[in-house]
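J.: Any chance you could fold what I've pasted below:
(chains A, B, C and D)
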Number of protein chains: 2
Amino acid sequence: MLKNIERSNLRDVIAERLKGYIVNEDLRPGDRLPTETELATMFGVSRLSLREATKSLSFLGIVEAKPGRGLTVGSVDMDRVTEYLGFHPAMHSVTPEVLIQTRLVIELGVLPHVAERMAEDAEIHQRLEAINDQLRRTRTLQRWVELDIAFHRELILASGLSPLMAFSDLLAVFFRRFRESVKKAEWPEGIEAHQEIIDALGDGHADQAQRLLRAHIESHWLRLDLVTGADSNRANTTQSGATQSGATQSSATQSSATQSSATQSSATQSKQPSSPNSET
Amino acid sequence: MLKNIERSNLRDVIAERLKGYIVNEDLRPGDRLPTETELATMFGVSRLSLREATKSLSFLGIVEAKPGRGLTVGSVDMDRVTEYLGFHPAMHSVTPEVLIQTRLVIELGVLPHVAERMAEDAEIHQRLEAINDQLRRTRTLQRWVELDIAFHRELILASGLSPLMAFSDLLAVFFRRFRESVKKAEWPEGIEAHQEIIDALGDGHADQAQRLLRAHIESHWLRLDLVTGADSNRANTTQSGATQSGATQSSATQSSATQSSATQSSATQSKQPSSPNSET
DNA sequence: CTTCGTTAGTTTGTCTGATAAACATACCAG
DNA sequence: CTGGTATGTTTATCAGACAAACTAACGAAG
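T.: Model prediction:
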């Protein structure tokens, strides 16, 4: 009678199995899946339960369904993710420190590749310059945020490590709110930082570009203290030594105490942006 | 006439309206929504159609549903999205070289964080040692692959950068086939490399651990030449040192055209991705 | 009066079955 | 051979029902 007490969410289990099916069969976007009834019998559930799973997946574009044609594999629609995740008031389960550190790992790690490819492809330099030029002529916050995201996105793209693009897009969603707190007076500062990074990359000085980009990204962290309204005075005492930033609870994804995360963040996070990678 | 692409998706329309409802009512995580039947009558659709919309939203964690309790606004869970990041457009048509370079960026970039946390949490060292010990006693290929993946997964986990965890799992799927080509005679080599990495991390020498891990991962690269077959003679002659690799073309190339990128990746890379922590 | 166990009510979870719409394919006519 | 039509397939949506799980109120015991 009782089969699976493991997870009450039958729908999620089905979605997981469906994902596994696509991976195992090595299906690529456009490939057709079995029909709903076939999948339902295959998984041993009713068609409605399976349908709810496919609908969840189709919401993000992972699978597409058309009447008469059936189910096909698609790609995740990051715009949709941005649309629905961006408006949401609170996203916990990942602290801002972890977010920044993650971004540092990706973007800093990418720079040597960018420098190398820049030496071979002059267009990369042009594209980065073009974005920064547009940034200079920008007046609205909305446009500024879009262009700033585009700049960092172009950085990843230029590295040729396309899998990291997926992550960059996702992080962009979560970083958007940080960027939206940037005051107009700080714009020139960011543009100048971008320019220095471009120049360093153009000269092949990947290590210098890394230092510059680290400082640029970590400026988000300083802004964060202002946003959360925490004690920013302690943030001024830079490099005191406390270093347990970075990661706390990793996968605590329960939703029991939700609104406590807001207050919790301001209380616990008063450490430095700089992480283990302490140069100089 | 067709004004737009037919938005016959009733489900998306309902999801949109539900999102608007949350925004208008200024609901925050934990707040309760009307019941499914109420929302259904409110929107003028059947309960099942509305249910599909709520399920789509609950897939992202925007709303949560519990029997007897009703619908509540949930907290967005990043892990929920990263789990399905493998369906990102950028993840398609990725060459094995790019995959290895991507992995290098992530795993090398993570090591400084691991070293730091290892100094505070002795359990990390124990867990890594435990996996390696199990690796030594392994006899079957299946088990060896699982443990090898577990080791690298533990490295990411130990860094505390949980967003990267999903990515590691993702890459593990792709790398599984490479690892399965590992000959039994090469096992001790890999185990020894793991041990050296653990020791270096334990001593706080993140930079040394990075060099070791780079060599360890790039051994996959060598195996790759055997796997892809092709003209491995050219690959052998061009880069005997094998510590080079370099970013290749970004996308648009299928895995079939591997050889061109192999030759292109000349010995230009003498820099280290993720060298921010060169304290020497 | 407080506290704990029980019971009734509410709400989602899942199922069965059916009809309509949209698409794909095969068939037939010119 | 071509083009339109007829038919079949598959998803989209609906209706109603029962089970499971959680909430809350109520009553009994200390």
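J.: in chain A, which spans are strands?
T.: Under the criterion DSSP state E, strands of chain A are mapped to A:63-66, A:70-73.
J.: With mean pLDDT as extra columns, can I get these in TSV?
T.: Output for these, formatted as TSV (pLDDT from 0 to 100):
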stretch	mean pLDDT
strand A:63-66	92
strand A:70-73	93
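J.: Which of the ones you listed sits closest to chain B?
T.: Nearest to chain B among the strands of chain A is strand A:70-73 (7.9 Å), distances taken as C-beta to the nearest C-beta. All C-beta atoms are positioned from the backbone trio N, CA, C, and that covers glycine.
J.: ok, back up a step: can you say which of the strands of chain A is nearest to residue B:65?
T.: Taking C-beta to C-beta, strand A:63-66 is the member of the strands of chain A nearest to residue B:65, at 21.6 Å.
J.: partner strands of the closest one, parallel or antiparallel?
T.: As defined by DSSP bridges, the strand partners of strand A:63-66 come to strand A:70-73 (antiparallel).
J.: Residues contacting the partner strand, please?
T.: A:22, A:27-36, A:39, A:54, A:62-66, B:87 (C-beta atoms under 8 Å, 6 or more residues apart in numbering or on different chains).
J.: Quick check on the residues you listed: which are buried?
T.: A:22, A:33, A:36, A:39, A:54, A:62, A:63, A:64, A:65, B:87 (16 or more other C-beta atoms under 10 Å in any protein chain shown).
J.: Please report how far the residue nearest to the fifth one when sequence neighbours are not counted lies from residue B:131.
T.: Distances taken as C-beta to C-beta, 6 or more residues apart in numbering or on different chains place residue A:63 nearest to residue A:54, at 5.7 Å, with adjacent residues excluded. The gap separating residue A:63 from residue B:131 is 35 Å, by C-beta to C-beta, to the nearest Å.
J.: do residue A:139 as well
T.: Distance, residue A:139 to residue B:131, by C-beta to C-beta: 55 Å.
J.: Repeat that for residue A:100.
T.: According to C-beta to C-beta, residue A:100 stands 29 Å off from residue B:131.
J.: Residue A:23 too?
T.: 24 Å.
J.: what's the answer for residue A:156, then?
T.: Separation of residue A:156 from residue B:131 (C-beta to C-beta) stands at 31 Å.
J.: what about these two, which has more around it?
T.: Using other C-beta atoms under 10 Å in any protein chain shown, the more surrounded residue of residue A:156 and residue B:131 is residue A:156, with 25 against 20.
J.: wait, doesn't the more buried one sit right on residue A:165?
T.: Yes: here residue A:156 reaches residue A:165: they are 5.5 Å apart, a contact under C-beta atoms under 8 Å.
J.: for chain A, what spans make up the helices?
T.: A:10-24, A:36-43, A:47-59, A:78-86, A:96-120, A:122-136, A:141-159, A:163-179, A:187-202, A:206-228, A:232-236, A:260-268 (DSSP state H).
J.: what's the nearest residue to the residue sitting nearest the centre point of chain A if we skip its chain neighbours?
T.: In chain A, the C-alpha nearest the mean C-alpha coordinate belongs to residue A:171, at 1.4 Å (C-alpha atoms, centre = their mean). Leaving aside its sequence neighbours, residue A:171 sits nearest to residue A:103 (C-beta to C-beta, 6+ apart; 5.4 Å).
J.: cool, residue A:49 as well?
T.: Distances taken as C-beta to C-beta, 6+ apart place residue A:10 nearest to residue A:49, at 5.6 Å, with adjacent residues excluded.
J.: and stretch A:42-57, does that touch DNA strand C?
T.: Yes: interface with DNA strand C: stretch A:42-57 contributes A:45, A:46, A:47, A:48, A:49, A:52 (C-beta under 7 Å from any atom of the strand).
J.: Closest one of these to chain B?
T.: Using C-beta to the nearest C-beta, those come closest to chain B at residue A:52, 4.9 Å.
J.: Might you enumerate the residues of the stretch 1-150 of chain A proximal to DNA strand D?
T.: Close to DNA strand D, as judged by C-beta under 7 Å from any atom of the strand, the stretch 1-150 of chain A has residues A:1, A:5, A:8, A:35-37, A:48, A:51, A:54-55, A:65-71.
J.: which regions of the stretch 151-280 of chain A lie under the pLDDT threshold?
T.: Within the stretch 151-280 of chain A, the ranges that satisfy pLDDT under 70 run A:220, A:222-280.
J.: Return the residues of it in contact with DNA strand C.
T.: Residues of the stretch 151-280 of chain A lying near DNA strand C (C-beta under 7 Å from any atom of the strand): none found.
J.: tally of neighbours for residue A:218?
T.: 19.
J.: Surely it and residue A:101 touch.
T.: No: the pair residue A:218 and residue A:101 fails to qualify as a contact (C-beta under 8 Å) at a distance of 9.9 Å.
J.: Any idea how many residues pack against residue A:126?
T.: By other C-beta under 10 Å, neighbour count at residue A:126 equals 10.
J.: who's in contact with it?
T.: For residue A:126, no residue meets the contact criterion (C-beta under 8 Å, 6+ apart).
J.: And it, what's its pLDDT?
T.: For residue A:126, the model assigns a pLDDT of 94.
J.: now it: how far from DNA strand C?
T.: 41 Å (C-beta to the nearest atom of the strand, to the nearest Å).
J.: before we move on, what about residue A:72?
T.: 10 Å.
J.: Same check on residue A:118?
T.: In terms of C-beta to the nearest atom of the strand, residue A:118 sits 43 Å off from DNA strand C.
J.: Do you know the pLDDT at that residue?
T.: Residue A:118 is assigned a pLDDT of 93 by the prediction.
J.: What degree of burial does the spatially closest residue to it that is not a sequence neighbour show, as a neighbour count?
T.: The spatially closest residue to residue A:118, leaving aside those adjacent along the chain, is residue A:124, at 4.7 Å (C-beta to C-beta, 6+ apart). By other C-beta under 10 Å, 23 other residues sit near residue A:124.
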